[in-house]
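Asks: Have a look at this prediction, sequence included:
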Amino acid sequence: MASENKQYEGWEKFSIEDATKLQTPTKGFVCPISANLYGIDFLAFTIRDHSTNKTIFKVKKPEGIQELPPGFDLDKLRKIEYKFPRSFVECSTVATSLVFKVGSKPVKNFVMVERHYFKGKLIKSWEFKLGFCMPNSTNNWEAMYDLPKMKKEIVDEIVSNRYPSESDSFYFVNGKLVMHNKATYKYYED
């Protein structure tokens with residue numbers, strides 16, 4: 001347990017402002033899984049191309065309790081690998097829907113900061129504010145946002161998968177970090 005404490009040293013002071021200043025991806029997770037004192041649990045996530053209404057990605061948590069094997073690395077639950085078509089990188093506006101539940105405590109001032117990196121450098125960033133979630137509730141957080149226009153050469157480079165594309169997503173309640181997830185991205189020609 002001592003190594004875990006050292007790994008996350010100072011995470012309680014990590015702020016929304018700290019997250020928005022990151023220019024490169026984090027090496028590991030900024031906070032432990034135990035920071036989620038609100039029982040926030042993601043149930044489903046959908047990404048659509050807003051202009052065509054085409055679903056690009058959809059995932060849903062399996063029903064019922066899944067038993068994890070002994071010694072399972074819980075940090076694997078905080079990582080996701082996306083596989084997107086080239087058309088997603090060229091998309092101008094996306095719509096997302098995140099279904100999640102919260103535990104027995106009210107969630108006030110719920111904020112997500114998402115930082116996207118290519119070749120280890122920041123290329124886009126968003127900050128979403130949800131506000132309030134009632135205790136023991138299931139919620140649907142919908143967002144629509146523009147993606148930055150990128151030159152064809154950059155899109156070609158991203159889709160080639162020769163360099164890493166990754167993101168950090170930080171979740172805050174009342175300004176306090178409660179969750180940190182990481183994602184990697186792979187692309188293909190469509």
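Replies: Thanks, I have it.

Asks: Which residue ranges of the protein form helices?
Replies: Taking DSSP state H as the criterion, the chain carries its helices at 2-7, 16-21, 86-90, 152-159.

Asks: May I see the ones you listed arranged in JSON lines, with mean neighbour count as well?
Replies: For glycine as for every other residue, the C-beta is placed from the backbone atoms N, C-alpha and C. Shown next, in JSON lines, are the helices of the chain (neighbours: other Cβ atoms under 10 Å):
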{"stretch": "helix 2-7", "mean neighbour count": "9"}
{"stretch": "helix 16-21", "mean neighbour count": "15"}
{"stretch": "helix 86-90", "mean neighbour count": "16"}
{"stretch": "helix 152-159", "mean neighbour count": "14"}
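
Asks: low-scoring stretches of the chain, by residue?
Replies: Counting by pLDDT under 70, the chain shows low-confidence ranges at 1-7.

Asks: how far away is the residue nearest the centre of it from residue 114?
Replies: Geometric centre of the chain, nearest residue: residue 169, 3.8 Å, by Cα atoms, centre = their mean. According to Cβ to Cβ, to the nearest Å, residue 169 and residue 114 sit 5 Å apart.

Asks: So in terms of bridging, what pairs with residue 95?
Replies: Bridge pairing for residue 95 (DSSP bridges) gives the partners residue 48, residue 144.

Asks: burial measure for residue 109, as a count.
Replies: Close neighbours of residue 109, defined as other Cβ atoms under 10 Å, add up to 14.

Asks: hang on, residue 173 packs against residue 112?
Replies: No. Applying Cβ atoms under 8 Å, one finds residue 173 not in contact with residue 112, separated by 10.7 Å.

Asks: Those two: which is more packed in?
Replies: Neighbours per residue, other Cβ under 10 Å: of residue 173 and residue 112, the larger number sits with residue 173, 23 against 20.

Asks: Name the nearest residue to the more buried one, sequence neighbours excluded.
Replies: Nearest non-adjacent residue to residue 173, counting by Cβ to Cβ, 6 or more residues apart in numbering: residue 107, 5.3 Å away.

Asks: Would you check that that neighbour makes contact with residue 39?
Replies: No. Using Cβ under 8 Å, residue 107 makes no contact with residue 39, being 9.1 Å away.

Asks: thinking again about what came up before, run through the residues that contact the residue nearest to the centre of the chain.
Replies: By Cβ atoms under 8 Å, 6 or more residues apart in numbering, the residues touching residue 169 are 112, 113, 114, 115, 179, 180, 181, 182, 183.
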